[in-house]
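Chemist: missing the sequence, but the structure's below:
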Ligand code: C5P
């Protein structure tokens, strides 16, 4: 079992601030973390992060930075200053970009006098790029690429990687138990419930058993008839693992 209890992150994939804030109000006191991704951030800007934090949530700013190191430095600083409690970059940006991201996070933390460092994660290989025929993999097996990028991410000093539940156990074995795994693609087994566009799905209990530290869940909660009840159900399953 991981030393700290796995945590639920609800993905607020909405087009507008009011929709996101309405969902946040339904989840207050139940889910500790909310995720603001590209759709919502591009629509609303960093103000939405501050509004969600004002409601008492921890916020994952999921913008997956990938650019030259100097630009990533500025983006990481801005994200930390917006109040992000968790943020991410692409591991394929290379070691220099990853190290600069860690340094920028640490500088912004010191400048703001924060007592807790926002967690910095890297995306290894996007699920949409997992086909070995995709040129970016150069014919490599996605699984070996994921492990290599996870090891490089750890070497650069990041806190963890975004990965599928299927990869979590191998990443923990290679990078150590303290290296964090954050897992999307969580689904409750229900023949009448959609898997949406997720390819490699796992139940909450299986993802926790595999070693995932954070479970990212969107539509199974946000499109449920009763989002609060759905979040409670997922938390109960996580606790059972
Ligand atoms: O609605 P659903 O539970 O599929 O949402 C999953 C969230 O996790 C989305 O915000 C999506 O962008 C994100 N994500 C993912 N798969 C990845 C990386 C991120 O689904 N490989």
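Modeler: Yes, it's here. Bear in mind the structure is a predicted one, so any value in this text is a computation, not a measurement.
Chemist: how far away is residue 92 from residue 126?
Modeler: Distance of residue 92 to residue 126, given as Cβ to Cβ, to the nearest Å: 9 Å. C-beta here means a position set from N, CA and C on the backbone, and glycine is covered the same way.
Chemist: Please read the previous query as pertaining to residue 228.
Modeler: From residue 228 across to residue 126, the span is 31 Å (Cβ to Cβ).
Chemist: got it, and residue 114?
Modeler: In terms of Cβ to Cβ, residue 114 sits 30 Å off from residue 126.
Chemist: repeat for residue 12
Modeler: Residue 12 is 20 Å from residue 126, by Cβ to Cβ.
Chemist: ok, these two, which is more surrounded?
Modeler: A direct count of neighbours by other Cβ atoms under 10 Å for residue 12 and residue 126 places residue 12 higher, at 27 against 14.
Chemist: Can you give me the neighbour number for whichever residue of the chain sits closest to the ligand?
Modeler: Using Cβ to the nearest ligand atom, residue 218 is the residue of the chain that sits closest to the ligand, at 2.6 Å. Per other Cβ under 10 Å, the neighbour tally for residue 218 reads 20.
Chemist: Quick one: the strands in the chain, in order.
Modeler: Along the chain, the segments classed as strands by DSSP state E run 7-11, 33-36, 58-65, 86-90, 119-123, 160-162, 180-183, 214-217.
Chemist: Format these as JSON lines; extra columns: distance to residue 48, mean pLDDT and mean neighbour count.
Modeler: What follows is the strands of the chain, written out as JSON lines (distance: least, Cβ to Cβ, whole Å; pLDDT from 0 to 100; neighbours: other Cβ atoms under 10 Å):
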{"stretch": "strand 7-11", "distance to residue 48": "14", "mean pLDDT": "98", "mean neighbour count": "23"}
{"stretch": "strand 33-36", "distance to residue 48": "6", "mean pLDDT": "98", "mean neighbour count": "24"}
{"stretch": "strand 58-65", "distance to residue 48": "9", "mean pLDDT": "98", "mean neighbour count": "23"}
{"stretch": "strand 86-90", "distance to residue 48": "14", "mean pLDDT": "98", "mean neighbour count": "24"}
{"stretch": "strand 119-123", "distance to residue 48": "19", "mean pLDDT": "98", "mean neighbour count": "24"}
{"stretch": "strand 160-162", "distance to residue 48": "21", "mean pLDDT": "98", "mean neighbour count": "27"}
{"stretch": "strand 180-183", "distance to residue 48": "20", "mean pLDDT": "98", "mean neighbour count": "27"}
{"stretch": "strand 214-217", "distance to residue 48": "17", "mean pLDDT": "98", "mean neighbour count": "24"}
